[in-house]
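Student: for reference, the sequence and a predicted model appear below.
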Amino acid sequence: MKKLKNELGRTMVEMLGVIAIMGLIMYGAVAGIGFGLDMYKISATHTEVEELARGIIELYSWSRSYDNLSNTVVCENDLIDCVQSGGVKQPRSRFNGVVDVTPTNDGQGFVIHYGSIPNLACNRLKVMSYTYFSQVSGTDTVEKMDEGGNGTGEYENVMNLGTTVRCDSDSNDLYFAYHN
C-alpha cells in the first residue's frame with residue numbers, strides 16, 4: 001500500500017520569508033516616495049524663486065529702483081503664495097519657512113531670503129540657481145527677520161547681486177540677490 005503525501009499548503013518558514021521580502025520592497029518604495037517628494041519641493045522652489053525674481057523685475061521695470069519693495073508688495077501682486085499670519089500676509093516657502101523680500105541698501109536691487117531650508121535642499125537649490133543667478137562679489141547689509149517676518153533691528157551682510165546665490169549652512173537660510 002502506498003503512503004499518500006499531502007503537500008498542498010506552505011510552511012510557516014516559507015510564509016515568513018515571503019513577508020520579509022514584501023517588507024523590504026515596501027521599505028524601498030516608501031523611501032523612494034519620500035525622496036521624490038523632496039525633489040519635487042526643491043524643483044518647485046527653484047521655479048518659484050525664478051518666477052518671483054522675474055515678477056519683481058517686471059513690476060519695477062518702469063523705475064529701476066526697488067526702494068519700496070516689501071513682502072506686502074510681493075503678496076498683493078500675487079508674485080508668490082502667501083499665508084495670513086497675524087492679520088498680515090506673509091510669503092511662505094514649500095518647506096514651511098519664512099520667505100522675506102527686501103530691497104538692497106542702495107535701492108538698486110533686492111534680496112530674496114528663504115529661511116529654514118533643509119541642508120540638502122539648500123545646497124541643491126544653490127547649485128540649480130547658478131543657471132539663473134550668476135555669481136558676483138560684494139556684500140549688502142539687510143535687516144534680519146524673525147519667524148513672523150518682522151524686522152529684528154539687527155542687520156547682516158549678504159552677498160551683493162549683479163546676482164548671487166548663497167546658502168548659509170549654519171542656519172540653513174538661502175539668499176538670492178539681484179542688482180541692476
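Tutor: Received the coordinates, thanks. Numbering: from 1, shown residues only.

Student: does residue 113 have beta-bridge partners, and which?
Tutor: With DSSP bridges as the criterion, residue 113 is bridged to residue 100, residue 175.

Student: and the helix or strand where residue 111 lies, what's its mean pLDDT?
Tutor: Residue 111 belongs to strand 109-114 when assigned by DSSP states H and E. Summarised as a single mean, pLDDT over strand 109-114 is 86.

Student: output that strand as PDB, restricted to C-alpha atoms.
Tutor: In PDB, the C-alpha atoms belonging to strand 109-114 read as follows (Å, rounded to 0.1, in the frame of the first residue of the first chain):
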ATOM      1  CA  GLY A 109      18.500  95.600  -6.200                       C
ATOM      2  CA  PHE A 110      16.700  93.100  -4.000                       C
ATOM      3  CA  VAL A 111      17.300  90.100  -1.800                       C
ATOM      4  CA  ILE A 112      15.100  87.000  -1.600                       C
ATOM      5  CA  HIS A 113      15.700  85.200   1.700                       C
ATOM      6  CA  TYR A 114      14.300  81.700   2.200                       C
END
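
Student: so which elements touch it?
Tutor: Packed against strand 109-114 by the contact rule (3 or more Cβ pairs under 8 Å, 6 or more residues apart in numbering; DSSP states H and E) you find helix 12-59, strand 99-103, strand 139-145, strand 173-179. The C-beta positions use only the backbone N, C-alpha and C, and glycine is treated the same way.

Student: let's test this: name the helix or strand in this structure with the lowest mean pLDDT.
Tutor: None of the helices or strands of the chain scores lower by mean pLDDT, DSSP states H and E than strand 139-145, at a mean of 52.

Student: circling back to that earlier point, can you check what angle separates the strand holding residue 111 from strand 173-179?
Tutor: Here the directions of strand 109-114 and strand 173-179 differ by 160 degrees (axes from the mean of the first three to the mean of the last three Cα atoms, to 10 degrees).

Student: among the helices and strands packed on strand 109-114, which is nearest residue 74?
Tutor: strand 99-103 (5.0 Å; Cβ to Cβ).

Student: which non-adjacent residue is nearest the residue nearest in space to the middle of the chain?
Tutor: The centroid of the chain falls nearest to residue 45 when counting by Cα atoms, centre = their mean (4.6 Å). Residue nearest to residue 45 in three dimensions, not counting chain neighbours: residue 94, with 5.3 Å by Cβ to Cβ, 6 or more residues apart in numbering.
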